[in-house]
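In: sequence first, predicted model second:
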Amino acid sequence: MTDCRVEVCFASPDAQQLVSCEVKSAASVREVVLNSSLPEAFPDYDFAMMPCGIFGQRVPDDHPVKNGDRIEIYRPLVVDPKARRRARAAR
C-alpha cells in the first residue's frame, strides 16, 4: 500500500482549520478524520459521529481515501436557513 496525501477540513462557527495528512491509501474517511489533529483542536465536537464528504459529496465512513482528496466534516446548522431569511426580510 502506498501513502497518499489528503486534507481534512472543519469549520465551527468561530474558527476553521485545514490540516494535511499523510495516510495509507487503504485508510477510510473516518480513520483519517479521527487520526487527524482536529478532534484535539475542537474538543466540543464528536468527530466519530459527524457526517463527512469529499469535495462536497457525502461519502460513507468506510469510503477509502485517494491521493489529493479533501475530506470535509459537516456539523449541524446553528440556524435554520429559512428562518434566517424570514428574519432578514422582516427587517
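Out: Right, received. Where do you want to start? Quick caveat: nothing in here was measured; it's all calculated off a predicted structure.
In: from now on I want contacts and neighbour counts done on CA atoms only, so please keep to that.
Out: Fine.
In: output the below-cut-off pLDDT ranges for the protein.
Out: For the chain, the stretches flagged by pLDDT under 70 are 1-2.
In: quick one, helices of it?
Out: Under the criterion DSSP state H, the chain contains helices at 29-35, 38-41, 81-90.
In: what is the neighbour count of Arg86?
Out: The burial count assigned to Arg86 is 10, neighbours taken as other CA atoms under 10 Å.
In: to clarify, my last question referred to Val29.
Out: Applying other CA under 10 Å, we find 24 other residues in the vicinity of Val29.
In: sorry, back to before: any idea which of the helices of the chain is most buried?
Out: The densest packing among these, expressed as mean neighbour count by mean count of other CA atoms under 10 Å, is seen in helix 29-35 with a mean of 19.
In: gap between that one and the chain center?
Out: 10 Å (CA atoms, centre = their mean, to the nearest Å).
In: quick one on the thing from earlier: out of the helices of the chain, flag the one nearest Met50.
Out: helix 29-35 (9.4 Å; CA to CA).
In: packing partners of the closest one?
Out: With contacts taken as 3 or more CA pairs under 8 Å, 6 or more residues apart in numbering; DSSP states H and E, helix 29-35 sits against no other helix or strand.
In: mind listing residues that contact it?
Out: Identification of contacts with helix 29-35 by CA atoms under 8 Å, 6 or more residues apart in numbering yields 8, 21, 23, 47-48, 52, 60-65, 71.
In: and those residues as TSV, adding distance to Leu38 and neighbour count?
Out: What follows is the contacts of helix 29-35, written out as TSV (distance: CA to CA, whole Å; neighbours: other CA atoms under 10 Å):
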residue	distance to Leu38	neighbour count
Val8	8	23
Cys21	11	17
Val23	15	20
Phe47	8	18
Ala48	11	12
Cys52	13	25
Pro60	19	12
Asp61	16	18
Asp62	19	12
His63	19	16
Pro64	19	16
Val65	17	23
Ile71	12	26
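In: appreciated, that's everything.
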